[in-house]
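Visitor: coordinates only, no sequence provided:
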Ligand code: NAP
Ligand code: SF4
């Protein structure tokens, strides 16, 4: 099993122990005061977990290439010295690690941004200045200098970030390169910059050092590269001395999702597969690969020589080791939510992982086995209760987990039924196996009460949430009104016209569920987002018409302002765009008047309107479930409340699981 994925890869001068590359990911530790020690612990854990080659987050080769004013740079001997702690930690566990060199170009969030041409990015605050020939040559030199220092620091190689719309990509594409000199104009000139960078790195580091080039194979922006251009550059990069070519999909400014959970698994491996026959160096594929089965299939079918996974190594550092031991069912699978990784990084916070709060906190969150096992009751087998119960049992406590329904999962059981959120099922599978592994005693269909709980040393209430009751005239008519929980659980028939009260994460999810196209084939998804599989059009874009839904759906909120983005910092735009493409009506500033046989009566700016909905769906947030709360004081200090039972407002699974794990470590 997984014999292709786990097969070593011979690079001539060195061997990788398997075909799994841990893709570059900014963690926020790069800039942290104690960052390099923490980063060393973070990567060491992944090296111990068996990954073949790690690529660090991006480090700028010079000051002006930094993404933020205080972003990490790798350009001086002192940086090389400081990074030795990272490379040594990885090597101690038999791993290999490459430093990613990333120049932000026009994506830099400071006024000293530079690019091929002075064209501001749609997602940037600052317009870049156009680089002079001298600045271009200095930047090439800076890449080579950083690579040489990386070698000195003990890195096994570097990855040159040539994709996602950063500086190198900005030179390659007409979209961002209007130059008339030898660095602009025809394609030969536009690809000169990456080729000169690779050649000068190779000259500095010699033959026995890995150079990976992250090549944007599908830009997903207008005036991006054509397929012929991508192939030509790949071939020239090979001649210039790269060891491995990695795949990049989509610029940051592209308005097409490339890694979010609604992107089908392995949705872009066909791109790498198209390029692969044109080069002879190993080629890596990536994006939404999150299981060893997918990795194995990709390598076995010859789509790529290696698979890159980034977020799956936040979710589970032991991904490879578990695959090796044929324990894939025990892998804590990345569900592609972005909620604790990219969303955090974009807010300037340290990355972690929704399903694995230990990620990037390896030196701070350390579970220690107990010498004095206690009997502990956990009430509620939703995400918070599951995380707490399994952590406690792993440490040696005797844990009873009470769940009043007939299955575990709580709110995740609802989430996994939303099309595009099926990955949440994996977390339930993970916890189900953790219950067995750690010896938690699970009691389904069991309503815990104060009498039962009084016998325990500690009691954890993780009893979750229930949909909020709202007060609108006519809300009690079951033929006309349903709450989201009942709708998803019972698959209630809603008719062709639906009004959704509440435009938070769940209102948006329900709207997208109701308007979801019937087919879930990858080609249909690519078509829905206008992706040209032939890459015959520059950037791989094709303006397919939007596929409007047959249903009439209104999503409503009382607050004025933007409607339909949901809570995700990096995924909100995808939700909104999805709803717009399907013709969903998004209304803010709504007052609810009444619900009757005609539908939902509302007013906006004092103008009455009738939405002739067949069904009104209530997605108005949640309230905590706190059973026998009047008896809680009797438990004193031994009662602990976590997750939605603690606080239902802005409940999200990141907080629920984190609270569960932290309490599980503490008791
Ligand atoms: P929510 O985000 O708090 O949204 C509740 C919605 O209901 C708001 O639009 C609110 O808007 C409206 N509302 C609140 N009280 C109301 C009332 N009394 N009458 C009428 N409308 C009312 O809650 P949610 O949508 O249930 O989501 C719960 C949590 O799940 C979220 O906080 C989120 O963290 C998580 N979640 C995340 C995602 C994701 O993709 N990341 C997806 C789903 C859920 P107005 O008050 O303006 O009317
Ligand atoms: Fe994956 Fe979500 Fe964890 Fe990020 S937070 S690594 S997307 S599971």
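Guide: Alright, I've got the coordinates. A quick note: this is a predicted structure, and the numbers were derived from the prediction, not measured. Residues are numbered from 1 along each chain as shown. Ligands and ions are numbered 1, 2, ... in the order given.

Visitor: grab the nearest non-local neighbour of the residue of the stretch 501-650 of the chain found nearest ligand 1.
Guide: Residue nearest to ligand 1 within the stretch 501-650 of the chain: residue 504 (2.0 Å; C-beta to the nearest ligand atom). Just so you know, the C-beta spots here come from the backbone N, C-alpha and C atoms, and that holds for glycine as well. Closest residue in space to residue 504, ignoring its immediate chain neighbours: residue 621 at 6.2 Å, by C-beta to C-beta, 6 or more residues apart in numbering.

Visitor: residue 160: helix or strand, and which one exactly?
Guide: Assessed by DSSP states H and E, residue 160 sits inside strand 157-162.

Visitor: same for that strand, what does it pack against?
Guide: Under the contact criterion of 3 or more C-beta pairs under 8 Å, 6 or more residues apart in numbering; DSSP states H and E, strand 157-162 touches strand 53-59, strand 97-101, helix 133-153, helix 167-172, helix 192-205, strand 210-218.

Visitor: give the pairing partners of that strand; include direction for each.
Guide: Applying DSSP bridges to the sheet, strand 157-162 is found paired with strand 97-101 (parallel), strand 210-218 (parallel).

Visitor: dump these to a markdown table, plus distance to ligand 2 and mean pLDDT.
Guide: As requested, the strands paired with strand 157-162 are arranged in a markdown table below (distance: least, C-beta to the nearest ligand atom, whole Å; pLDDT from 0 to 100):
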| stretch | distance to ligand 2 | mean pLDDT |
| --- | --- | --- |
| strand 97-101 | 18 | 98 |
| strand 210-218 | 20 | 98 |
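
Visitor: what's the closest of those strands to residue 611?
Guide: The closest of the strands paired with strand 157-162 to residue 611 is strand 210-218. By C-beta to C-beta, the value is 40.5 Å.

Visitor: packing partners for whichever helix or strand comes after the closest one?
Guide: Sequence order places helix 227-240 as the next helix or strand after strand 210-218, per DSSP H and E. Taking 3+ C-beta pairs under 8 Å, 6+ apart as the contact definition, the neighbouring helices and strands of helix 227-240 are helix 192-205, strand 210-218, strand 244-249, helix 269-275.

Visitor: nearest to residue 524, out of those?
Guide: Nearest to residue 524, of the helices and strands packed on helix 227-240 and by C-beta to C-beta, is helix 269-275 at 14.3 Å.

Visitor: return the backbone torsion pair for the residue nearest to residue 504.
Guide: Backbone torsions of residue 621, given as degrees, to the nearest 10, read phi 90, psi -170.

Visitor: got the contact list for it?
Guide: Residues near residue 621 by C-beta atoms under 8 Å, 6 or more residues apart in numbering: 467, 468, 502, 504, 506, 648, 649.

Visitor: which of those has the most neighbours?
Guide: residue 506 (26 neighbours; other C-beta atoms under 10 Å).

Visitor: quick check: chain neighbours aside, which residue is closest to that one?
Guide: residue 619 (4.6 Å).

Visitor: again with residue 203
Guide: Residue 203 sits nearest to residue 144 (C-beta to C-beta, 6+ apart), 7.0 Å away.

Visitor: picking that back up, lowest-confidence member of the contacts of residue 621, which is it?
Guide: Lowest pLDDT of these: residue 649, 77.

Visitor: for that one, give me its contacts.
Guide: residue 621.

Visitor: that one sits in which helix or strand?
Guide: Using DSSP H and E, no helix or strand contains residue 649.

Visitor: below-threshold pLDDT in this protein: ranges please.
Guide: 565-567, 650-651 (pLDDT under 70).

Visitor: deepest of the helices and strands packed on strand 157-162, which one?
Guide: helix 167-172 (a mean of 29; mean count of other C-beta atoms under 10 Å).

Visitor: that helix: what's the following helix or strand?
Guide: Downstream of helix 167-172 (by DSSP H and E), the next one is helix 187-190.

Visitor: buried set for that next one?
Guide: Of all the residues in helix 187-190, those buried under the rule 16 or more other C-beta atoms under 10 Å are 187, 189, 190.

Visitor: before we move on, what about stretch 295-308?
Guide: 295, 296, 297, 298, 299, 303, 304, 305, 306, 307, 308.

Visitor: repeat for stretch 485-505
Guide: 485, 487-488, 494, 497-505.

Visitor: with stretch 22-41 instead?
Guide: For stretch 22-41, by 16+ other C-beta under 10 Å, it's 22-31, 35-41.

Visitor: just the terminal-to-terminal distance for it.
Guide: Start and end residues of stretch 22-41 are separated by 15 Å (C-alpha to C-alpha, to the nearest Å).

Visitor: and ligand 2, is it touching that?
Guide: No - against ligand 2, stretch 22-41 shows no contacts by C-beta under 6 Å from any ligand atom, the least distance being 8.7 Å.

Visitor: still on that earlier bit, including distance to ligand 1, could the buried residues of helix 187-190 go into CSV?
Guide: Formatted as CSV, the buried residues of helix 187-190 follow (distance: C-beta to the nearest ligand atom, whole Å):
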residue, distance to ligand 1
187, 40
189, 43
190, 38
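
Visitor: ok, these vs residue 208, which is closest?
Guide: Nearest to residue 208 among the buried residues of helix 187-190 is residue 190, at 30.8 Å by C-beta to C-beta.

Visitor: show me where the stretch 401-550 of the chain has helices.
Guide: In chain order, the stretch 401-550 of the chain shows helices spanning 411-415, 424-438, 450-453, 484-490, 505-514, 522-528, with DSSP state H, counting those that start in this stretch as the criterion.

Visitor: deepest in the core, which of these is it.
Guide: The most buried one of these (mean count of other C-beta under 10 Å) is helix 505-514, showing a mean of 24.

Visitor: what's in contact with it?
Guide: Contacts of helix 505-514 (C-beta under 8 Å, 6+ apart): 415, 417-421, 484, 487-488, 494, 498, 500-501, 549, 551, 553, 555, 557, 564-568, 575-576, 578-579, 582, 584, 617, 619, 621, 652.

Visitor: thinking again about what came up before, closest to ligand 2 among the buried residues of helix 187-190?
Guide: Distances from ligand 2 to these, taken by C-beta to the nearest ligand atom, are shortest for residue 190, at 33.8 Å.

Visitor: so what's that closest one up against?
Guide: Taking C-beta under 8 Å, 6+ apart, one finds 171, 172, 173, 174, 177, 183, 184 in contact with residue 190.

Visitor: what distance do you get for the last one to residue 50?
Guide: In this structure, residue 184 and residue 50 are separated by 45 Å, where distance is defined by C-beta to C-beta, to the nearest Å.

Visitor: how much does the strand holding residue 160 deviate in direction from helix 133-153?
Guide: Relative orientation of strand 157-162 with respect to helix 133-153: 150 degrees, computed using axes from the mean of the first three to the mean of the last three C-alpha atoms, to 10 degrees.

Visitor: what residues of strand 157-162 count as buried?
Guide: Across strand 157-162, burial judged by 16+ other C-beta under 10 Å covers 157, 158, 159, 160, 161, 162.

Visitor: switch the residues you listed over to TSV; also include distance to ligand 1.
Guide: Output for the buried residues of strand 157-162, formatted as TSV (distance: C-beta to the nearest ligand atom, whole Å):
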residue	distance to ligand 1
157	36
158	35
159	30
160	33
161	28
162	31
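
Visitor: interface residues of this structure facing ligand 2?
Guide: The chain comes close to ligand 2 at residues 311, 314-315, 334-341, 353-355, as judged by C-beta under 6 Å from any ligand atom.
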